[in-house]
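>>> Sequence below, structure please.
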Amino acid sequence: MSTTPHPPGPRSGAADPLAPLAGLPGVAESVESMRKAVDRVYGHRVMRRRSAEVTAEAVLRGARASAALAGADWALEEVRRRSDFGGDAEARTVGAALRVTAETGQLLPVWRQSPLRVLARLHLVAAGGSPDMDPDAVGRPRLAGEAVVEAVVEDGVRLDPPPAEEVSARLDALAALIVAGGDTPALVTAAVVHGELLALRPFVSHNGLVARAAERIVLVGSGLDPKSISPAEVGHVEGGVEQYLAALGDYVSGTPEGVARWIAHCGRAAELGARESTAVCEALQRGAA
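Residues are numbered from 1 along each chain as shown. Here you go, the predicted structure:
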């Protein structure tokens with residue numbers, strides 16, 4: 001049986017079920033620190049007239065970072081230069097990351113009404129046309145007996161996803177939380193969505209790309225980062241895959257301390273993404289980009 005924590009289900013007339021997570025030790029500090037980092041980017045003078053360029057660059061860098069976490073760690077300039085991503089497995093991964101990240105902006109209006117539809121669409125965009133994929137498995141959660149292609153190993157221990165039957169119930173619970181909404185800080189909700197999707201690995205492939213895109217959707221759709229200029233994917237990759245998986249292991253542990261560490265990791269990742277975009281603003285201001 002998986003030890004992954006189940007997100008609390010919505011209760012009629014009750015406060016936001018994720019609210020207790022916002023009270024875990026250190027979480028409020030992470031929320032405030034991330035908010036200040038994002039606000040600093042929006043306050044940069046370049047954002048007043050060239051925000052579209054900053055957004056485009058943030059999307060590109062976020063996609064590159066997400067692909068790196070999926071095993072295709074290409075240099076940014078190589079991603080920028082290439083136009084054909086249909087070659088080997090790494091090229092297809094980079095192409096999938098670019099497509100998924102670009103698609104998130106189109107799916108924002110749908111997310112709060114039908115998050116499962118959005119997740120299915122993201123998987124279809126990522127995996128559709130892949131020569132390694134069974135077409136019948138694209139764009140839907142895995143069924144009983146279907147294996148997950150991606151292995152997640154943290155500190156030498158394989159983190160096995162739960163069986164398909166449990167995945168279905170937990171996806172429904174996660175979707176109900178999103179539709180219900182609440183006052184929980186965007187960082188907490190984004191971290192839970194990201195962590196739960198990585199832990200469940202609901203699709204047979206491309207789960208990491210989908211999970212990170214869903215985190216982006218929450219941060220953008222919440223109004224915290226409406227122009228999508230703080231790519232958390234950049235921060236997740238900056239500390240290295242081992243640190244990312246260690247933080248995921250904390251979430252999967254289900255302990256309050258572990259979940260708090262995962263939320264803090266996600267907050268720090270968004271801060272580093274904001275720092276990356278600040279550097280982009282500075283380069284644009286100097287005329288170097």
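>>> Pull the number of nearby residues for the closest residue to residue 241 other than its chain neighbours.
Using C-beta to C-beta, 6 or more residues apart in numbering and skipping the chain neighbours, the partner closest in space to residue 241 is residue 69 (6.2 Å). For every residue, glycine as well, the C-beta is placed using N, CA and C. Neighbour count of residue 69, defined by other C-beta atoms under 10 Å: 21.
>>> Run the chain-centre distance for stretch 120-129.
Between the centre of stretch 120-129 and the centre of its chain there are 15 Å (C-alpha atoms, centre = their mean, to the nearest Å).
>>> Pull out the buried positions in that stretch.
Under the neighbour-count criterion of 16 or more other C-beta atoms under 10 Å, stretch 120-129 has 120-127 buried.
>>> related to what we said a few turns ago, wait, doesn't the residue nearest to residue 241 sit right on residue 207?
No: between residue 69 and residue 207 there is no contact under C-beta atoms under 8 Å: 11.3 Å.
>>> from the buried residues of stretch 120-129, which has minimum pLDDT?
Lowest in pLDDT among those is residue 127, which has 91.
>>> residues contacting it?
96, 133, 137-139, 203, 205-206 (C-beta atoms under 8 Å, 6 or more residues apart in numbering).
>>> What does the pLDDT read for the residue nearest to the spatial centre of the chain?
Centrality entry for the chain: nearest residue to the mean C-alpha point is residue 212, 1.8 Å, by C-alpha atoms, centre = their mean. pLDDT, residue 212: 97.
>>> who does the host helix or strand of it touch, helix- and strand-wise?
Secondary structure from DSSP states H and E places residue 212 in helix 207-221. Helix 207-221 sits against helix 47-69, helix 89-111, helix 115-127, helix 186-200, helix 232-238, with contacts defined as 3 or more C-beta pairs under 8 Å, 6 or more residues apart in numbering; DSSP states H and E.
>>> Now find how far off-centre whichever helix or strand comes after the last one is within its chain.
Going back to what we said before, that points to helix 232-238. Using DSSP H and E, the next helix or strand after helix 232-238 towards the C-terminus is helix 241-253. In terms of C-alpha atoms, centre = their mean, the centre of helix 241-253 is set 14 Å apart from its chain centre.
>>> what's the residue nearest to residue 241 in contact with, if anything?
208, 212, 233, 236-237, 241, 244.
>>> same question, residue 120
Residues in contact with residue 120 (C-beta under 8 Å, 6+ apart) are 139-141.
>>> And for residue 123?
Residue 123 neighbours (C-beta under 8 Å, 6+ apart): 138-140, 203, 206, 210.
>>> which of these tops the neighbour count?
Ranking those using other C-beta under 10 Å puts residue 203 first, with 30 neighbours.
>>> which SS state does that one fall under?
coil (DSSP: H, G, I helix; E, B strand; the rest coil).
>>> Tell me, please, where in the chain the pLDDT is lower than the cut-off.
For the chain, applying pLDDT under 70 flags the ranges 1-15, 151, 153-157, 288-289.
>>> Look through it and tell me its longest helix.
Assignment by DSSP state H gives helix 256-286 as the longest helix of the chain.
>>> Distance to residue 41 added to the contacts of residue 127, as CSV?
CSV is the format used below for the contacts of residue 127 (distance: C-beta to C-beta, whole Å):
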residue, distance to residue 41
96, 27
133, 37
137, 39
138, 36
139, 34
203, 32
205, 33
206, 29
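>>> before we move on, back to that, export the contacts of residue 69 to a markdown table and tack on distance to residue 190?
Putting these into a markdown table (distance: C-beta to C-beta, whole Å) gives the following:
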| residue | distance to residue 190 |
| --- | --- |
| 208 | 15 |
| 212 | 10 |
| 233 | 12 |
| 236 | 12 |
| 237 | 17 |
| 241 | 20 |
| 244 | 15 |
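>>> Give the buried subset of those as a PyMOL selection command.
In PyMOL, this line selects whichever of the contacts of residue 69 come out buried by 16+ other C-beta under 10 Å:
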select buried, resi 208+212+233+236+237+244
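>>> now, among the contacts of residue 69, which is nearest to residue 107?
residue 212 (13.9 Å; C-beta to C-beta).
>>> Nearest residue to that closest one in space, ignoring adjacent ones along the chain?
Per C-beta to C-beta, 6+ apart, closest to residue 212 is residue 66, 4.8 Å.
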